[in-house]
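Asker: okay, predicted coordinates and the sequence, questions at the end:
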Amino acid sequence: MTNAVVQLRNLATGQLAGTTTTNVAGQFSFIHNQPQANLALIANAVTAVPDPPLSSRAFRLTARPNPAAGVTRIGYTLARAANVTLVIHDVAGREVMRLLNEAPREPGEHEARFDTRVLPNGLYLCRLRIGTESVTRKLVVAR
């Protein structure tokens, strides 16, 4: 088992979305055999993702009802005052709706209502971002 730094990229744009460290075990070989590339093909691998840092637990996100057929309530709790961005993405990573954009919020529980009838049935990702930290939850639209 070894630690690997993984770059997370938006599949639609190719832009770097962040990095994480994970534990990797299995058979893998380096591409171009260059250590600075830090890129590996992994076959038959077992991965483990460590718990997020304590600071990212400073907020939480829920969507109810989920699956949604009409208006859903996206609830979030903040441990500290912050500017909040709340975005809905399709599974390809494209932004389909921005519910909040750097909106100032006090600590405590908050809710945004979202009418899912404007979207086709399918799986979506609801992302709450505060500064450089974010949390994402799945949202299913089914009528």
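Answerer: That came through fine.

Asker: report pLDDT for E133.
Answerer: At E133, the model reports a pLDDT of 88.

Asker: quick check: phi and psi on it?
Answerer: In terms of degrees, to the nearest 10, the main-chain angles of E133 are phi -100, psi 150.

Asker: any idea what it is bridged to?
Answerer: I130 (DSSP bridges).

Asker: please report the distance of the closest residue to R105 other than its chain neighbours from N101.
Answerer: Nearest residue to R105 in three dimensions, chain neighbours excluded: V84, at 5.0 Å (C-beta to C-beta, 6 or more residues apart in numbering). No exception for glycine: its C-beta is placed from N, CA and C like everyone else's. Distance check for V84 against N101: by C-beta to C-beta, to the nearest Å, it reads 9 Å.

Asker: between those two, which is the more surrounded one?
Answerer: V84 (21 against 11; other C-beta atoms under 10 Å).

Asker: what sits up against the host helix or strand of the more buried one?
Answerer: Assigned by DSSP states H and E, V84 falls within strand 82-90. Defining contact as C-beta atoms under 8 Å, 6 or more residues apart in numbering, one finds that strand 82-90 is touched by 59, 74, 76, 78, 95-105, 110, 112, 114, 119, 122, 124-131, 139.

Asker: report the buried residues of it.
Answerer: Neighbour counts over strand 82-90 (16 or more other C-beta atoms under 10 Å) mark A82, V84, T85, L86, V87, I88, H89, D90 as buried.

Asker: is it possible to get a markdown table of those that adds pLDDT?
Answerer: Formatted as a markdown table, the buried residues of strand 82-90 follow (pLDDT from 0 to 100):
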| residue | pLDDT |
| --- | --- |
| A82 | 91 |
| V84 | 94 |
| T85 | 96 |
| L86 | 96 |
| V87 | 96 |
| I88 | 96 |
| H89 | 96 |
| D90 | 95 |
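
Asker: looking at the residues you listed, which is nearest P65?
Answerer: Among those, I88 lies closest to P65 (C-beta to C-beta), at 15.4 Å.

Asker: walk me through the domains of the protein.
Answerer: Under automatic domain parsing, the residue ranges defining each domain of the chain are 2-48, 54-141.

Asker: in CSV: the buried residues of strand 82-90, plus distance to P65.
Answerer: Shown next, in CSV, are the buried residues of strand 82-90 (distance: C-beta to C-beta, whole Å):
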residue, distance to P65
A82, 26
V84, 22
T85, 23
L86, 18
V87, 20
I88, 15
H89, 19
D90, 20
